[in-house]
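Enquirer: Need coordinates for the following:
(chains A and B)
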Amino acid sequence: DIQMTQSPSSMSASLGDRVTITCRASQDIGNYLSWFQQKPGKSPRRMIYGATNLAAGVPSRFSGSRSGSDYSLTISSLESEDMAIYYCLQSIQYPFTFGSGTKLEIK
Amino acid sequence: EVQLVESGGGLVQPGRSLKLSCVASGFTFSNYGMNWIRQAPGKGLEWVAYISSGSSYIYYAETVKGRFTISRDNAKNTLYLQMTSLRSEDTALYYCARHEVYYGSLAYWGQGTLVTVSS
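Expert: The predicted structure is shown next:
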């Protein structure tokens, strides 16, 4: 199975900060990487797909990038509504595997 | 508007069975593969099972293989998850999610149905 190692597990940042969350894939997954945001009591919301594509309706301060087997989600200027848990997902091979999540808190 | 509505969750004793449903609307259900994903209380997301649009391809997580069965009825726009030999570790919120053509991503999720396995 493909392992997705996500870091950090939690972080705290100030409004307006640039925030980056990373997932590393244990095998080649190409661009089959998505990012999800989950707020308390809500279903996950897709933010990025295909490693770099912004999902419909997602603010442009969110972006995705890839460097080799490392995938990153970046929030260019943190807003209060971005407080959530973020997960990556590889979808190139079954079983699909999620990262362990990053809890993002606002300082 | 795409909608996925899960139902069928509840409290069940260990070793018993339960069948979840996910009713789809707002899109041509028969054109899309579907997935079940679960989330134990306070934990992360775990992919559970996938079924292709015509039910030709089915995959399971090792943790549920041999105990859970995914199926669908395209005439009823409904996805199912038959769960047998339930264990306490199956306690979770179960989501259905649509499998997208582009990169196999999961663009649409239901609100989830809670399964609690306890005596």
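Enquirer: so where's chain B uncertain?
Expert: Within chain B, the set of residues satisfying pLDDT under 70 is empty.
Enquirer: Output the set of residues of chain B in proximity to chain A.
Expert: B:35, B:44-47, B:50, B:59-62, B:95, B:100, B:102-107, B:109-112 (C-beta under 8 Å from any C-beta of the partner chain). For glycine as for every other residue, the C-beta is placed from the backbone atoms N, C-alpha and C.
Enquirer: Please pick the buried ones from the residues you listed.
Expert: B:35, B:45-47, B:50, B:59-61, B:95, B:100, B:103-107, B:109-110, B:112 (16 or more other C-beta atoms under 10 Å in any protein chain shown).
Enquirer: Can you pick out the ones from those that are in strands?
Expert: Using DSSP state E, the subset of these located in strands is B:Asn35, B:Leu45, B:Glu46, B:Trp47, B:Tyr50, B:Tyr59, B:Tyr60, B:Tyr95, B:Leu106, B:Ala107, B:Trp109.
Enquirer: how much space between the closest residue in space to A:Asp17 that isn't next to it in sequence and B:Val117?
Expert: Among residues not flanking A:Asp17 along the chain, A:Leu78 sits closest, at 4.7 Å (C-beta to C-beta, 6 or more residues apart in numbering or on different chains). Going from A:Leu78 to B:Val117 by C-beta to C-beta, to the nearest Å gives 39 Å.
Enquirer: How about B:Lys65?
Expert: B:Lys65 is 17 Å from B:Val117, by C-beta to C-beta.
Enquirer: what do you get for B:Gln111?
Expert: 20 Å.
Enquirer: which residues of chain A fall in strands?
Expert: A:4-7, A:10-13, A:19-25, A:33-38, A:45-49, A:53-54, A:62-67, A:70-75, A:84-90, A:97-98, A:102-106.
Enquirer: same question but for chain B, I mixed them up
Expert: B:3-7, B:10-12, B:18-25, B:34-39, B:45-51, B:58-60, B:68-73, B:78-83, B:92-99, B:106-109, B:113-117.
Enquirer: Looking at B:Lys65 and B:Val117, which one has more neighbours?
Expert: B:Val117 (19 against 11; other C-beta atoms under 10 Å in any protein chain shown).
Enquirer: Check the contact between that one and B:Gln13; I expect there is one.
Expert: Yes. When contacts are counted by C-beta atoms under 8 Å, B:Val117 is listed as touching B:Gln13 (7.4 Å).
Enquirer: any common contacting residues for these two?
Expert: Shared contacts of B:Val117 and B:Gln13, defined by C-beta atoms under 8 Å, 6 or more residues apart in numbering or on different chains, comprise B:Leu86.
Enquirer: returning to that earlier point: next, format the strands of chain A as CSV and append mean neighbour count and mean pLDDT.
Expert: CSV is the format used below for the strands of chain A (neighbours: other C-beta atoms under 10 Å in any protein chain shown; pLDDT from 0 to 100):
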stretch, mean neighbour count, mean pLDDT
strand A:4-7, 17, 98
strand A:10-13, 14, 97
strand A:19-25, 20, 98
strand A:33-38, 26, 98
strand A:45-49, 23, 98
strand A:53-54, 16, 97
strand A:62-67, 16, 98
strand A:70-75, 20, 98
strand A:84-90, 24, 98
strand A:97-98, 21, 98
strand A:102-106, 16, 96
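Enquirer: Let's have these in CSV, adding distance to B:Glu89.
Expert: Below are those laid out as CSV (distance: least, C-beta to C-beta, whole Å):
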stretch, distance to B:Glu89
strand A:4-7, 21
strand A:10-13, 24
strand A:19-25, 25
strand A:33-38, 21
strand A:45-49, 26
strand A:53-54, 35
strand A:62-67, 32
strand A:70-75, 29
strand A:84-90, 20
strand A:97-98, 17
strand A:102-106, 23
